[in-house]
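In: My questions concern the predicted model and sequence given below.
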Amino acid sequence: GQNIDQPTEMTATEGAIVQINCTYQTSGFNGLFWYQQHAGEAPTFLSYNVLDGLEEKGRFSSFLSRSKGYSYLLLKELQMKDSASYLCAVRTPYNQGGKLIFGQGTELSVKP
Amino acid sequence: TAGITQAPTSQILAAGRSMTLRCTQDMRHNAMYWYRQDLGLGLRLIHYSNTAGTTGKGEVPDGYSVSRANTDDFPLTLASAVPSQTSVYFCASSEGLAGGETQYFGPGTRLLVL
């Protein structure tokens, strides 16, 4: 079976740091993606992890632990424009079609 | 660069009618995908195509069909729409199926079936 869990909603304050967690149980694994989706818009790519550890990209970092089936997205120095939905997605192996399986997304509200 | 375009932007459709949602990409990507997005359920894969001439079923394929006659176009057809097909539909593409190859999404089509 395939299961990806994220919190439904989070709230944080402008300038603060927020961590959005994602746990997964999938029959195969070939990497984990994080996407950002503003209301009424398409998802846009944020990060990709395939090996354990932390990947840093400016204010955004993503962490992966394959043994724990766990990832998080860390957003620093929050800005109002970071209010959006954050989608965690696991890529299946090539022999399973190389598809993305998405979690339901975490709606982040950044308040002044 | 246009990337991925979808048409129409939105549509109201009477139940029982048919409709084709159009998707075109200009990135020469091999793989293309159709998702639907519903509140509380996230993005769910309807159909996909790993390369021109081939298609496959995703998680929720019933009531939908696709074709991939060439690299650029991947239309999604609802043969006889039902209200449960009310959703936002996103088309996406990626260069291939390798682990790190990102999927890029079109702007979406908002469909209301009455």
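Out: Happy to help now that I have it. These figures come from a predicted structure and were not determined experimentally.

In: Is the residue lying farthest from the centre of chain A part of a helix or strand, or is it coil?
Out: Each residue of chain A has a distance to the centre, and by Cα atoms, centre = their mean the biggest one is for A:Asn95: 23.9 Å. When the structure is reduced to helix, strand and coil (DSSP: H, G, I helix; E, B strand; the rest coil), A:Asn95 reads as helix.

In: tell me the contacts of the closest residue to chain A within chain B?
Out: At 3.0 Å from chain A, B:Leu97 is the closest residue in chain B, using Cβ to the nearest Cβ. (Each C-beta comes from the backbone N, C-alpha and C, glycine too.) When contacts are counted by Cβ atoms under 8 Å, 6 or more residues apart in numbering or on different chains, B:Leu97 is found next to A:94, A:97-98, B:31, B:50.

In: rerun that using 6 Å as the cut-off
Out: By Cβ atoms under 6 Å, 6 or more residues apart in numbering or on different chains, B:Leu97 lies in contact with A:94, A:98.

In: Distance of it relative to A:Tyr94?
Out: B:Leu97 sits 5 Å away from A:Tyr94 when distances are taken as Cβ to Cβ, to the nearest Å.

In: Likewise for B:Gly56?
Out: Computed as Cβ to Cβ, the B:Gly56 to A:Tyr94 distance reads 13 Å.

In: Report how many residues lie close to B:Ser18.
Out: Using other Cβ atoms under 10 Å in any protein chain shown, B:Ser18 has 10 neighbouring residues.
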